[in-house]
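Peer 1: give me a model of this one.
(one chain, ligands or ions: 1)
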Amino acid sequence: MTTVLESLDSVAVTLDDGQVLEADLLIGADGVHSAIRALAFGPEEDFLHYLGFHVGAYSFRDAGLAALVGNRIAVTDTRNEAMFFYRLRDGRITAMAVHRTKNPEIPADPQALLRSRYRNLGWICPAALQHCPDDLYYDQVAQIRMPRWHTGRVILLGDAAAAVSLLAGQGASSAWPPPLSWRTNSTSIRESARPSPPSKHGSGRWSQNTSGPGSRRPAGSFRQRGVAPSSAGTSSA
Ligand SMILES: Cc1cc2nc3c(=O)[nH]c(=O)nc-3n(C[C@H](O)[C@H](O)[C@H](O)COP(=O)(O)OP(=O)(O)OC[C@H]3O[C@@H](n4cnc5c(N)ncnc54)[C@H](O)[C@@H]3O)c2cc1C
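Peer 2: Have a look, this model is predicted:
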């Protein structure tokens, strides 16, 4: 996706292959590293708040370890790094590793980092780390905080709009529609009276991005929202 262009009548998205898709509404449900958010609202660093942890996760089969985990969520009682284990319905075990680090940068080799940093945690950790694949999920633990989740004909949902993070309230289980009353007419979606969370940039910049009645353009004219971010980072779970 390279551009989001909006008119009074529609919103047009240009895909990486040059194809242009036009629709009444563009819904960005593309996770914590949302490309649609970057194009329509601004760069990720404006909204992503690093919480001081990294997380790695993967699933694997091992009947012996599955028996030890049983039907519980097992967590090591360790500080600065902890491993979580739970069984999935299909018998696989999910291992989740969370550690503190001041450096938000993703390491070059997350598999090697996990194997070295968590190897002394005891219990089933060393055996579980043997199952760690090189394509594990690995990301910063971060929140997405935005003062508003819609602008013109673009709306964000889920983690793209308001990731709470797996440590601070999970995400999927707290899914909700954005606190908006979606009163639509041919050109606008209006926000409810519910207060928005504060922005580190204040609310001033948002008036520029919002297509309210004062910023209407003649039908058929498009305004460009932005260009694709250079890197989307890793995807979320
Ligand atoms: C390790 C871990 C464990 C978690 N455990 C829990 C839990 O136990 N309970 C809980 O409630 N929450 C949990 N969460 C949080 C939960 O996973 C998220 O809050 C939830 O998945 C957010 O859903 P979403 O649909 O908004 O985004 P996502 O689930 O991230 O989905 C976004 C989708 O968009 C796709 N996408 C992204 N960019 C593009 C693009 N350019 N083109 C096409 N597709 C794209 C992605 O591939 C993905 O499929 C956990 C998170 C992590 C990281």
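Peer 1: can you tell me the closest non-neighbouring residue to residue 69?
Peer 2: The shortest distance from residue 69 to any non-neighbouring residue, by C-beta to C-beta, 6 or more residues apart in numbering, is to residue 85 (4.8 Å). The C-beta positions use only the backbone N, C-alpha and C, and glycine is treated the same way.
Peer 1: the one you found contacts residue 124, correct?
Peer 2: Yes. In this structure, residue 85 is within contact of residue 124 by C-beta atoms under 8 Å, at 6.9 Å.
Peer 1: next one: the most centrally placed residue in the chain from the ligand, what distance?
Peer 2: Of all residues in the chain, the one closest to the mean position by C-alpha atoms, centre = their mean is residue 32, 1.3 Å from it. Distance of residue 32 to the ligand, computed by C-beta to the nearest ligand atom, to the nearest Å: 6 Å.
Peer 1: what's the answer for residue 57, then?
Peer 2: Using C-beta to the nearest ligand atom, residue 57 is found at 4 Å from the ligand.
Peer 1: now residue 81
Peer 2: The gap separating residue 81 from the ligand is 15 Å, by C-beta to the nearest ligand atom.
Peer 1: ok, what's across the strand from that residue?
Peer 2: Beta-bridge pairing for residue 81 (DSSP bridges): residue 99.
Peer 1: so it makes contact with residue 122?
Peer 2: No. Residue 81 is beyond contact range of residue 122, at 11.9 Å (criterion: C-beta under 8 Å).
Peer 1: phi, psi for the closest residue in space to residue 44 that isn't next to it in sequence please.
Peer 2: Distances taken as C-beta to C-beta, 6+ apart place residue 38 nearest to residue 44, at 5.9 Å, with adjacent residues excluded. Note on residue 38: backbone dihedrals following degrees, to the nearest 10 are phi -60, psi -40.
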